[in-house]
Every structure is written in C-alpha cells, then in structure tokens.
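Undergrad: got a predicted model here, sequence first, then my questions.
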Amino acid sequence: MVDVIAIGMAVWVLSGIFMWWQMRVVQLAGAVVLGASAVWATGLALLMYGVFKY
C-alpha cells in the first residue's frame, strides 16, 4: 500500500511540474519558489544531520 501511495505522489508531483512549465506567466515565480524550496530543504537536512549525527 505504501508503494502505491509513493507512486501516486510521484505522479502528482511530476504532473504538477509539467502543468507549471506550460503556464508561461508563472514560470519565473515558480522557478524562484522551487529554488528557495530546494535551498530550504537542503539546509533543514544539514541541520537535522548535525543534530542527530546519523
């Protein structure tokens, strides 16, 4: 069941990125948000690694 949910979420993400890419008006704003999210997630992962040291 977990595999089905993971596949469904991956398809949802990919379809969302595909739809975003086709909307020319919001491409720049979406790219900025995507970049900021990647930086935030990386920083959070490094912080958690520093705290838990796994």
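TA: Now that the structure is in, tell me what you want to look at. Numbers count the residues shown, from 1 in each chain.

Undergrad: and the strands in this structure, which stretches?
TA: Under the criterion DSSP state E, the chain contains no strands.

Undergrad: packing partners for the longest helix along the chain?
TA: For the chain, the longest helix by residue count, based on DSSP state H, is helix 27-52. Contacts defined by 3 or more Cβ pairs under 8 Å, 6 or more residues apart in numbering; DSSP states H and E place helix 27-52 against helix 2-22. C-beta: built from backbone N, CA, C; applies to glycine.

Undergrad: show me the contact partners of the helix it packs on.
TA: 26-27, 30 (Cβ atoms under 8 Å, 6 or more residues apart in numbering).

Undergrad: JSON lines please, covering those and showing distance to Val51.
TA: Formatted as JSON lines, the contacts of helix 2-22 follow (distance: Cβ to Cβ, whole Å):
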{"residue": "Val26", "distance to Val51": "36"}
{"residue": "Gln27", "distance to Val51": "36"}
{"residue": "Gly30", "distance to Val51": "31"}
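
Undergrad: circling back to that earlier point, next, the angle from the longest helix of the chain to helix 2-22.
TA: 140 degrees (axes from the mean of the first three to the mean of the last three Cα atoms, to 10 degrees).

Undergrad: check the offset of helix 27-52 from the chain's centre.
TA: Relative to its chain's centre, helix 27-52 lies at 9 Å (Cα atoms, centre = their mean, to the nearest Å).

Undergrad: just the buried residues of that helix, please?
TA: By 16 or more other Cβ atoms under 10 Å, helix 27-52 has no buried positions at all.

Undergrad: shaky segments in this protein?
TA: Scanning the chain for pLDDT under 70 picks out the ranges 54.
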